[in-house]
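Visitor: Fold the following.
(one chain, ligands or ions: 1)
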Amino acid sequence: MSAEEEIKKSKKRTSDDGLKEEKKHKKHKKDKKEKKEKKDKKDKKDKKEKKEKKDKKDKKHDDTEETETKSKDSKSVFTSSSSEADIKKFLKDNEVEIKDPSSSSQLQPVLSFSEVNVDSRIQKCFSGFKAPTPIQAASWPYLFNDNDVIGVAETGSGKTFAFAVPAINHVLNTKYNKGKPQILVVSPTRELAIQIYDNYKILADATNTHCCCVYGGVPKDQQRQDIKISNTIIATPGRLIDLLEEGSIDLSDVSYLVLDEADRMLEKGFEEDIKKILSSTKTGNRQTVMFTATWPEEVRKLASSFMNEPVKVTIGNRDELTANKRITQIVEVIDPDVKERRLFELLKQYHKRDDPENKILIFALYKKEAARIERALVRRGYQIASVHGDLSQSQRTVSLKEFKEGKKNIMLATDVAARGLDIPNVKTVINLTFPLTAEDYVHRIGRTGRAGKTGVAHTLFTDQEKHLSGALINILNGANQAVPEELLKFGSHTKKKAHSAYGAFFKDVDMSKKATKIKFD
Ligand SMILES: Nc1ncnc2c1ncn2[C@@H]1O[C@H](COP(=O)(O)OP(=O)(O)OP(=O)(O)O)[C@@H](O)[C@H]1O
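Guide: Sure, this is the predicted structure:
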């Protein structure tokens, strides 16, 4: 190569290197810029979230101070007329436990309705009851104080009214923008949603506000209309998400949100739906409220991720899975093949044909089993109301109505009816097949013994459910009930079988455990 060529080549190399260098430099600059933009964006978002959280906390703090002073000064929402001694006794007798992560002092419970200074139209709705139930008494001060609250109390203890009264008060005290509801209550089953709606409507009507119920299995048109004028929406997750996705509902003003039967709502099947629903509601300034009778460890972390420093109000020792102590629990260990025959015998024992006040609720596990037993009972001349997934929504609604009204006094159901349903005068619950979890057992039998009444739960237990024997023995012990020898034979030491929703929730049995009394006014 000549010297001239060598110089040309070297120049070209230098120029290529220069270009490469320039390109590299530009790319570096671009990356840097993008990185900076990303960081700025993230910082901005974090700052905004922090500010929203701080505002909410400050607001709560101000309100807390105000309410604490108010209750102490006997001025605003609550006028405390109860003595220190009465309050101490109430807290002790009812085993009230309050855990407030943001304060070491507790807000006083409201022991009588006369202490609740709310709109007179709300007050009128108290007239049917003598005094707030323990969960109402202990949770109201926090709910009226805008705190996030987890309320855990036994079945039939008035949890619906506990969240509904502060909700209506919230409606009256916040601005309503047409088409944008202020309150959202989410429930796991259609029947429960309808029941909450029926109870809530009494408060809504009394205060001239609107509520509607949104659930699947029925046409959407009426629901779309109702949503437009409702302050409160009571909904099951599936239909609610449908309406959200088609743009028929705007939840951006929801500032008081309730998950009823919260542990069920946080189970795997519902978790994604709940996340979607929550992200459509008012961020930063939403009061989130969860009520339940059972609160397994496995859902607690998830719950707190949706809440802001929630105050936990527990009535009775509910860290252990416990049943309502007004229910007499009879457990009979039998061969699976004779279950059906035994059911007919039990019906002869418990059923009073013409007594609408003496209702029996029979639980099967699967809808096919329920349908088969229904046919067998009808063949024997029983008039049965049925609620299970094989029936249309309108059939389910009619059945429940007939049972509630006493037109039929036997109902056969699957676990869709296990939670929350408040049916007067259910004297007996028969578990033809044991449920999948010990929590479901507590909810099922909780359909009796409600609002201070007593009831009987008769359970047929077979070796197919023996992995649940330990959990069941614990529940029986916890409520001072007889534990049959045959059940003990299955072993009081439960196999830690993980459930997809609850995880390994079974506890070892403590045979020495004594039940403590829960008072219901
Ligand atoms: N303060 C009160 N005094 C007496 N009864 C009440 C009071 N508040 C509510 N009740 C009644 O108690 C019954 C049970 O209430 P509710 O259905 O709210 O129970 P729950 O705690 O939600 O039960 P579950 O855990 O099974 O869902 C209802 O009939 C309700 O009208």
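
Visitor: what's the distance between Pro132 and Arg224?
Guide: Pro132 sits 37 Å away from Arg224, taking CB to CB, to the nearest Å as the criterion. From N, CA and C alone the C-beta is placed, and that goes for glycine too.

Visitor: Looking only at neighbour counts, state which of these two leads.
Guide: Taking Pro132 and Arg224 together and counting by other CB atoms under 10 Å, Pro132 has the greater number of neighbours (24 against 15).

Visitor: Which residue, neighbours along the chain excluded, lies closest to that one?
Guide: Counting by CB to CB, 6 or more residues apart in numbering, the nearest residue to Pro132 once its immediate chain neighbours are dropped is Val110, at 5.8 Å.

Visitor: quick one, what contacts that neighbour?
Guide: Applying CB atoms under 8 Å, 6 or more residues apart in numbering, one finds that Val110 lies in contact with Phe78, Ser80, Val116, Pro132, Gln136, Ala137, Trp140, Pro141.

Visitor: Need the max-distance pair from those.
Guide: When those are compared pair by pair using CB to CB, the two farthest from each other are Ser80 and Gln136, 15.3 Å apart.

Visitor: More neighbours: those two, which one.
Guide: For Ser80 versus Gln136, the count of surrounding residues by other CB under 10 Å is larger for Gln136: 30 against 20.

Visitor: My guess is that one contacts Val165. True?
Guide: Yes - in terms of CB atoms under 8 Å, Gln136 counts as a neighbour of Val165; the distance is 7.5 Å.

Visitor: Leu243 is in contact with Ile277, correct?
Guide: No - the pair Ile277 / Leu243 is not scored as a contact, 10.7 Å apart, by CB under 8 Å.

Visitor: Retrieve the pLDDT associated with the residue nearest to Pro132.
Guide: The per-residue pLDDT reported for Val110 equals 95.

Visitor: part of a strand, is it?
Guide: No - membership of Val110 in a strand is not supported by DSSP: H, G, I helix; E, B strand; the rest coil, which gives coil.

Visitor: Now do it against Tyr142, distance only.
Guide: To Tyr142, Val110 is 11 Å away according to CB to CB.

Visitor: Gln287 against Val258, yeah?
Guide: No - contact criterion CB under 8 Å: Gln287 and Val258 do not qualify, at 9.3 Å.

Visitor: Looking at the two, which is more packed in?
Guide: More neighbours surround Val258 than the other of Gln287 and Val258, with 29 against 25 (other CB under 10 Å).

Visitor: and the ligand, which of the contacts of Val110 reach it?
Guide: Pro132, Gln136 (CB under 6 Å from any ligand atom).

Visitor: could the contacts of Val110 go into TSV alongside pLDDT and secondary structure?
Guide: Output for the contacts of Val110, formatted as TSV (pLDDT from 0 to 100; DSSP: H, G, I helix; E, B strand; the rest coil):
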residue	pLDDT	secondary structure
Phe78	86	strand
Ser80	78	coil
Val116	94	strand
Pro132	96	coil
Gln136	97	helix
Ala137	97	helix
Trp140	97	helix
Pro141	95	helix
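
Visitor: Closest one of the contacts of Val110 to Ile384?
Guide: The shortest separation between Ile384 and any of the contacts of Val110 is 35.1 Å, and it belongs to Gln136 (by CB to CB).

Visitor: Tell me who's in contact with the nearest residue to the closest one once chain neighbours are set aside.
Guide: Of all residues not flanking Gln136 in the chain, Ala162 sits nearest, at 4.5 Å (CB to CB, 6+ apart). Remark: with contacts taken as CB under 8 Å, 6+ apart, Ala162 is in contact with Thr133, Ile135, Gln136, Ser139, Trp140, Leu143, Gly151, Ala153, Phe291.

Visitor: From the residues you listed, pick the one nearest the ligand.
Guide: Sorting the contacts of Ala162 by how near they are to the ligand, with CB to the nearest ligand atom, puts Thr133 at the top with 4.6 Å.

Visitor: what about the closest one, neighbour count?
Guide: Counted with other CB under 10 Å, residues neighbouring Thr133 total 25.

Visitor: just how off-centre is the helix or strand harbouring Ala85 within its chain?
Guide: With elements taken from DSSP states H and E, the one containing Ala85 is helix 84-93. Here helix 84-93 is found 28 Å from its chain centre; the criterion is CA atoms, centre = their mean, to the nearest Å.

Visitor: which residues are in contact with that helix?
Guide: Contacts of helix 84-93 from elsewhere in the structure, counted by CB under 8 Å, 6+ apart, are Ser82, Val96, Gln108, Pro109, Leu111, Pro134, Ala137, Ala138, Lys517, Lys519.

Visitor: how about that helix, does it get close to the ligand?
Guide: No - using CB under 6 Å from any ligand atom, helix 84-93 never reaches the ligand; the gap is at least 13.8 Å.

Visitor: for that helix, which positions count as buried?
Guide: Using 16 or more other CB atoms under 10 Å as the burial criterion, the residues of helix 84-93 that qualify are Ile87, Phe90, Leu91.

Visitor: Distance to Ile360 added to the residues you listed, as JSON lines?
Guide: Output for these, formatted as JSON lines (distance: CB to CB, whole Å):
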{"residue": "Ile87", "distance to Ile360": "41"}
{"residue": "Phe90", "distance to Ile360": "35"}
{"residue": "Leu91", "distance to Ile360": "37"}
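
Visitor: As a markdown table, the residues you listed with pLDDT would be great.
Guide: A markdown table is the format used below for these (pLDDT from 0 to 100):
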| residue | pLDDT |
| --- | --- |
| Ile87 | 94 |
| Phe90 | 95 |
| Leu91 | 95 |
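
Visitor: which among these gets closest to Leu361?
Guide: Within those, the smallest distance to Leu361 is 32.3 Å, found for Phe90 (CB to CB).

Visitor: what sits up against the helix or strand harbouring Glu374?
Guide: With elements delineated by DSSP H and E, Glu374 resides in helix 367-379, which encompasses its position. Residues outside helix 367-379 that contact it (CB under 8 Å, 6+ apart) are 340, 343, 347, 362, 364, 384, 386, 388-390, 410, 412-414, 432-433.

Visitor: continuing past it, what's the next helix or strand?
Guide: Sequence-wise, the next helix or strand downstream of helix 367-379 (DSSP H and E) is strand 385-387.

Visitor: Sounds good, over and out.
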